[in-house]
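S.K.: Turn this into a model:
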Amino acid sequence: MIKDILQMEEDLLRQMEELKGDERPSARLRRRQLESDRKELLATCTNLTAEDKVFLARHPKRPKIDEYINALFTDFFEQKGDRANSDDTSILGGIAMYQGMPVTVIGHRKGNTLEENMAYNFGMPEPEGYRKALRMMEQADKFGRPIITFIDTPGAYPGKEAEEHGQGEAIARNLMVMSGLHVPVIAVVTGEGSSGGALALGVANRVLMLENAIYSVLSPEGFASILWKDSSRRAEACEVMKLTAQDLYEFGVIEEIIPEPLGGAQANREELFESVDASLKKALGELTRMSGHALAQDRYDKFRKIGQ
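M.R.: Just a heads-up that it's a prediction; the model follows:
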């Protein structure tokens, strides 16, 4: 399994770090050998199972929304609050420049530490988060800015307070409004894309997925618990659910699979960001040539054809 391979890679990286700065011939030789061993190890990360891809999609070191913003955009100006109740930090968004063009960037936010994840509710937005995203999307539509979303969430927060504040209505309204926007909308599934919590940022003209991301109606554990009353059958559920980028491309749910470095997105951030950048440029170049009416019709037609 990919988990075992990455654990071995961690050990190699640890040994390489211990030799860092040691310029003795024997140390340099050892570093070269360790790097060669690492490349050979990562080369085995092919023909991954659906369960392996779920593991990689949830990897704690996988790049987060703030890293994509810093790597791909300039002059980012964060926008906060839903203008009705509060600011939900599990949604990060604002105005930025991309290739000399003003755009609106929105995404689910996870943390790199336990403290950050608690502050961002582990990437599970409440209604205020979706209303904040909606406010930014409506503003983008008003001023003619393309919208780029980054999806990485285990789902919308299912707590009692979230339901009292209208979680279902907030997600449904996003789906309705996004379907009629007159600006280009591009969604990139970078990690987990689970349930309506993901789809609330996913009604796009072009849906792109990283090679080892997942996109599904719920988690494999939840699927196994509901269907078989046994969450331990998650590996089987991963295969049955057809949640990988390869499955979804075949079904016409997504338009492009963005390749990841061997070993997952966290293995080489620079290489990953270059691939994402190239895909965004291509998609945006195609969509900016279309009229507002054509963009809304294209989005409608895309989702109507799914499953036919």
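S.K.: going forward, measure contacts between C-alpha atoms and count neighbours the same way
M.R.: Will do.
S.K.: Please name the residues that touch residue 144.
M.R.: Shown in contact with residue 144 (CA atoms under 8 Å, 6 or more residues apart in numbering): 182, 183.
S.K.: Mind pulling up the pLDDT for it?
M.R.: The score at residue 144 is 96. That number is its pLDDT.
S.K.: Distance check, it against residue 182.
M.R.: Taking CA to CA, to the nearest Å as the measure, residue 144 falls 8 Å from residue 182.
S.K.: And residue 119, by the same measure?
M.R.: When distance is defined by CA to CA, residue 119 is 34 Å away from residue 182.
S.K.: what does stretch 55-66 rub up against?
M.R.: The contact list for stretch 55-66 (CA under 8 Å, 6+ apart) reads 2-3, 92, 107-112, 150, 190-192, 212-214, 264-266, 269.
S.K.: filter those to the buried ones?
M.R.: Listed as buried from the contacts of stretch 55-66 are 2, 92, 107-111, 150, 190-192, 212-214, 264-266, 269; burial here means 16 or more other CA atoms under 10 Å.
S.K.: What segments of the stretch 1-150 of the chain are helices?
M.R.: Secondary structure of the stretch 1-150 of the chain (DSSP state H, counting those that start in this stretch): helices located at 2-18, 25-42, 50-57, 65-72, 114-119, 127-143.
S.K.: Including distance to residue 196, could those helices go into TSV?
M.R.: As requested, the helices of the stretch 1-150 of the chain are exported to TSV (distance: least, CA to CA, whole Å):
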stretch	distance to residue 196
helix 2-18	28
helix 25-42	34
helix 50-57	18
helix 65-72	19
helix 114-119	20
helix 127-143	11
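S.K.: so which of these gets nearest residue 161?
M.R.: If you check each of those against residue 161 by CA to CA, helix 127-143 wins as the nearest, at 9.5 Å.
S.K.: Please tell me how far the closest one is from the chain's geometric centre.
M.R.: Mean-position distance between helix 127-143 and its chain equals 19 Å (CA atoms, centre = their mean, to the nearest Å).
S.K.: What helices and strands are in contact with it?
M.R.: Using 3 or more CA pairs under 8 Å, 6 or more residues apart in numbering; DSSP states H and E, the elements in contact with helix 127-143 are strand 91-98, strand 101-108, helix 167-179.
S.K.: tell me, which strand in the protein spans the most residues?
M.R.: The strand that spans the most residues within the chain, counting by DSSP state E, is strand 185-194.
S.K.: from the chain's centre, how far out does that one sit?
M.R.: 4 Å.
S.K.: circling back to that earlier point, would you tell me which of the helices of the stretch 1-150 of the chain gets closest to residue 275?
M.R.: Ranking the helices of the stretch 1-150 of the chain by proximity to residue 275 (CA to CA) places helix 65-72 first, at 10.7 Å.
S.K.: Noted, bye for now.
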